[in-house]
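Peer 1: What shape does this take:
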Amino acid sequence: QHNVPYAEGTHWHTRFGHLVTYGAGYYGYLYSQVFALDIWKTRFAVATSDVVTGDDDKHDDVMSRREGTRLWKDMLIHGGGKDPNVMLRDVLGRAPNVDTFFDRA
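Peer 2: Next comes the predicted model:
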């Protein structure tokens, strides 16, 4: 075990190791949500227009075979064998950004 030892009978969550690693793990999880939402809005959210009513509508096309295949070929098939930044650029067609995360309503 590589954690900093603590005194028996004390609270485990006050160990130094927990305080150091928790923040990094939490922000890593949060940042993965930023990337996931950017991919979702870029590849799977589609704009449609109703010809009869003229209403513009934005909906999620979760069943898009084309976009699912593209996600698989550009990212998922590589696993950990390709630089994540390159895979994100391939899937998004641009550099990833946080704008979509903060624009969600």
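Peer 1: which residues of the protein score low on pLDDT?
Peer 2: Filtered on pLDDT under 70, the chain yields the residue ranges 1-7, 10-25, 46-60, 104-105.
Peer 1: What are the boundaries of the helices in it?
Peer 2: 16-39, 65-74, 84-92, 99-103 (DSSP state H).
Peer 1: ok, and the closest non-adjacent residue to Asp38?
Peer 2: Using C-beta to C-beta, 6 or more residues apart in numbering and skipping the chain neighbours, the partner closest in space to Asp38 is Thr100 (4.8 Å). Every residue, glycine included, has its C-beta placed from N, CA and C.
Peer 1: Could you report the separation of that neighbour from Ala36?
Peer 2: 10 Å (C-beta to C-beta, to the nearest Å).
Peer 1: The two: who's more crowded?
Peer 2: More neighbours surround Thr100 than the other of Thr100 and Ala36, with 19 against 12 (other C-beta atoms under 10 Å).
Peer 1: got the contact list for the more buried one?
Peer 2: 34, 37-38, 41-42 (C-beta atoms under 8 Å, 6 or more residues apart in numbering).
Peer 1: Deepest in the core, which of the helices of the chain is it.
Peer 2: helix 84-92 (a mean of 15; mean count of other C-beta atoms under 10 Å).
Peer 1: what angle do that one and helix 65-74 make?
Peer 2: For helix 84-92 against helix 65-74, the angle by axes from the mean of the first three to the mean of the last three C-alpha atoms, to 10 degrees is 160 degrees.
Peer 1: ok, Arg70 touching Gly93?
Peer 2: No - Arg70 is not in contact with Gly93 according to C-beta atoms under 8 Å; the separation is 9.8 Å.
Peer 1: Rebuild the helices of the chain as a markdown table, extending it with distance to Gly9.
Peer 2: Formatted as a markdown table, the helices of the chain follow (distance: least, C-beta to C-beta, whole Å):
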| stretch | distance to Gly9 |
| --- | --- |
| helix 16-39 | 17 |
| helix 65-74 | 50 |
| helix 84-92 | 43 |
| helix 99-103 | 43 |
